[in-house]
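Enquirer: Following is a predicted model, sequence given first.
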Amino acid sequence: MPDFPRRPSTGITVIIVGAGFAGISAAIECDRKGHKPIILEKAETIEEITRFGDIISFDPNGARNFERWPGVIEAMQKVARQTSWLDLYHWRGEFITRQSFAEEKNWGPRINGHRGELYSIIYQHAVDRGIDIRLGQRVTDYFEDDSRAGVVVNGEDMFADVVIAAEGVRSRGRKIVLGFDDKPKSSGYAVYRSWFPGHHIKNNPMLKHLVAQDTHSGWVGPDLHFLASSLKGGQEFNWVFTHVDDGNIEESWQFPGKVEDCLKYVEGWAPIVQEIVKSTPKGGRLIDHKLVFRDPLPTFISPKARIALIGDAAHPFLPTSIQGASQSIEDGVVLAACLEQAGKSKIDVGVRAFEKIRYERVHKAQATGVKTREKWHKANWDKIREDPEAIHLTREAWLLDFDAEEDCYRRFGEVVRAVEGAKAKL
């Protein structure tokens, strides 16, 4: 087994519920910082996680952390989309502008690729580190006292110094943090996603240019935006569109989609958009994904500060933010670093510091998703033709040119003084 760099052992044991991007990344960061992570994942096999095929994006603030995991960023870059731009069109087909992301290389790497493929790279790194990953583990409850936390897993109690809830928007950990069960609500929007081999369209006169090389294109219209991209030199192709939806979120939020349903939404749109949808092969993965909404949480941590929510369990993001995945990585980085600096004797202080460091930044980042969606879905085309850059994605240094680990180490002392001062007043 490779000998990876690690900080000295802290003696802190961390249970992480959920082995998605948030959970597996938090485990790697805990291992780096000298803690002992144990992942509990309900899936029986890792293929149940990797089989979901659509694109996922990590901006520089998220992807820079992969550079600290030996071999990971290099493996990701081999399979990631190689474009550094986005071509934007009016929904009827008129080309509007090309937005370049080339200068962002100064902020760090950008990684866009197949969700399952990128996840497999991170998962293998966790395995190579010797992290304890337990599949087929069903967590039904969380609990804590002043000295430890735990979960009920497969009907039995399991204890640790800290528990991290990373199992997504329906996390059972939310109840102990909030004090009540909350249910997801419809956001009023849904997403269709599809992914299939590029050879299905390489001979289509209208579409073949989309897979001649890696491409990234978007068509923007009233209450809907449609994105298409290819990677691996056009060997793989995907499309996704976000639209207004009044679906009921109570029963399910993700299920197989139908091409004929998708075509109803893009009726009257540019012929190329309709042709992309029509060309989706039978057997190609097409998902109808209802976007859930959660009221912003008043806190990410439990009353005794032994349990913390991260990723979608704490703060689900809209796809238009392009930040959900990156912020989940930042969560794990900061929590692991806070626990390291606080030490085993002050775990509650470390957990409270994590929340204080993350809370404002996360909510400010969430707001970017709504801003972009409104910019696109309610576009004033007369003004945009005068100033095409007005429709560009907002790319700001405060969000993207950011090192969560460095920021945490720099601010930890100041934050802890504020945390301990607040505790003393209670």
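Expert: On my side now, so go ahead.
Enquirer: which stretches of the stretch 251-400 of the chain aren't confidently modelled?
Expert: Where the stretch 251-400 of the chain drops to pLDDT under 70, the residues are 251-253, 293, 295.
Enquirer: Test my guess that residue 389 contacts residue 97.
Expert: Yes: Residue 389 lies in contact with residue 97 (C-beta atoms under 8 Å); the separation is 6.4 Å. Just so you know, the C-beta spots here come from the backbone N, C-alpha and C atoms, and that holds for glycine as well.
Enquirer: Residue 200 and residue 51, how far apart?
Expert: 19 Å (C-beta to C-beta, to the nearest Å).
Enquirer: Among the two, which residue is more densely surrounded?
Expert: residue 200 (15 against 11; other C-beta atoms under 10 Å).
Enquirer: The closest residue to that one other than its chain neighbours: how many residues sit nearby?
Expert: Of all residues not flanking residue 200 in the chain, residue 281 sits nearest, at 5.0 Å (C-beta to C-beta, 6 or more residues apart in numbering). Residue 281 sits with 14 neighbouring residues when counted by other C-beta under 10 Å.
Enquirer: likewise residue 220?
Expert: 20.
Enquirer: Ok, the one 3 residues further on next?
Expert: Under the neighbour criterion other C-beta under 10 Å, residue 223 is assigned a count of 15.
Enquirer: just checking, it touches residue 374?
Expert: No: counting by C-beta under 8 Å, residue 374 is not a contact partner of residue 223; they are 10.4 Å apart.
Enquirer: which SS state does residue 268 fall under?
Expert: coil (DSSP: H, G, I helix; E, B strand; the rest coil).
Enquirer: give the contact list for it.
Expert: Listed by C-beta atoms under 8 Å, 6 or more residues apart in numbering, the contact set of residue 268 is empty.
Enquirer: do residue 243 as well
Expert: Counting by C-beta under 8 Å, 6+ apart, residue 243 has contacts 189, 190, 191, 192, 223, 224, 265.
Enquirer: if I pick the nearest residue to residue 284 once chain neighbours are set aside, what's in contact with it?
Expert: Once flanking residues are discounted, residue 284 sits nearest to residue 196: 3.6 Å by C-beta to C-beta, 6+ apart. The contact partners of residue 196, taken as C-beta under 8 Å, 6+ apart, are 236, 237, 238, 280, 281, 284, 285.
Enquirer: cutoff 10 Å now
Expert: Residue 196 sits next to 53, 236-239, 279-286 when contact means C-beta atoms under 10 Å, 6 or more residues apart in numbering.
Enquirer: For the stretch 101-250 of the chain, which segments count as helices?
Expert: 115-128, 173-178 (DSSP state H, counting those that start in this stretch).
Enquirer: among those helices, which is nearest residue 358?
Expert: helix 173-178 (13.8 Å; C-beta to C-beta).
Enquirer: which parts of that closest one are buried?
Expert: 173, 174, 176, 177 (16 or more other C-beta atoms under 10 Å).
Enquirer: rewinding a little: who's more crowded, residue 389 and residue 97?
Expert: Neighbour totals were compared for residue 389 and residue 97, and residue 97 leads with 17 against 10 (other C-beta under 10 Å).
Enquirer: Tell me the bridge partners for that one.
Expert: According to DSSP bridges, the residues that bridge with residue 97 are residue 88.
Enquirer: With residue 57 instead?
Expert: residue 112.
Enquirer: now it: how far from residue 2?
Expert: 28 Å.
Enquirer: Rebuild the helices of the stretch 101-250 of the chain as a markdown table, extending it with distance to residue 364.
Expert: Putting the helices of the stretch 101-250 of the chain into a markdown table (distance: least, C-beta to C-beta, whole Å) gives the following:
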| stretch | distance to residue 364 |
| --- | --- |
| helix 115-128 | 25 |
| helix 173-178 | 21 |
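Enquirer: want to throw these into a markdown table with distance to residue 37 and mean pLDDT?
Expert: Listed next are these as a markdown table, based on distance: least, C-beta to C-beta, whole Å; pLDDT from 0 to 100:
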| stretch | distance to residue 37 | mean pLDDT |
| --- | --- | --- |
| helix 115-128 | 9 | 96 |
| helix 173-178 | 16 | 90 |
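Enquirer: And those helices: which comes nearest residue 369?
Expert: Per C-beta to C-beta, nearest to residue 369 of the helices of the stretch 101-250 of the chain: helix 115-128, 18.2 Å.
Enquirer: Restricting to C-alpha, output the closest one in PDB.
Expert: Extracted in PDB, the C-alpha atoms of helix 115-128 (Å, rounded to 0.1, in the frame of the first residue of the first chain):
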ATOM      1  CA  ARG A 115     -19.700  11.900 -12.800                       C
ATOM      2  CA  GLY A 116     -19.100   8.200 -12.400                       C
ATOM      3  CA  GLU A 117     -15.600   8.200 -14.000                       C
ATOM      4  CA  LEU A 118     -14.300  11.100 -11.900                       C
ATOM      5  CA  TYR A 119     -15.900   9.600  -8.800                       C
ATOM      6  CA  SER A 120     -14.100   6.300  -9.500                       C
ATOM      7  CA  ILE A 121     -10.700   8.100  -9.500                       C
ATOM      8  CA  ILE A 122     -11.400   9.600  -6.100                       C
ATOM      9  CA  TYR A 123     -12.800   6.400  -4.700                       C
ATOM     10  CA  GLN A 124      -9.800   4.400  -5.800                       C
ATOM     11  CA  HIS A 125      -7.500   7.000  -4.100                       C
ATOM     12  CA  ALA A 126      -9.500   6.500  -0.900                       C
ATOM     13  CA  VAL A 127      -9.000   2.700  -1.200                       C
ATOM     14  CA  ASP A 128      -5.300   3.100  -1.900                       C
END
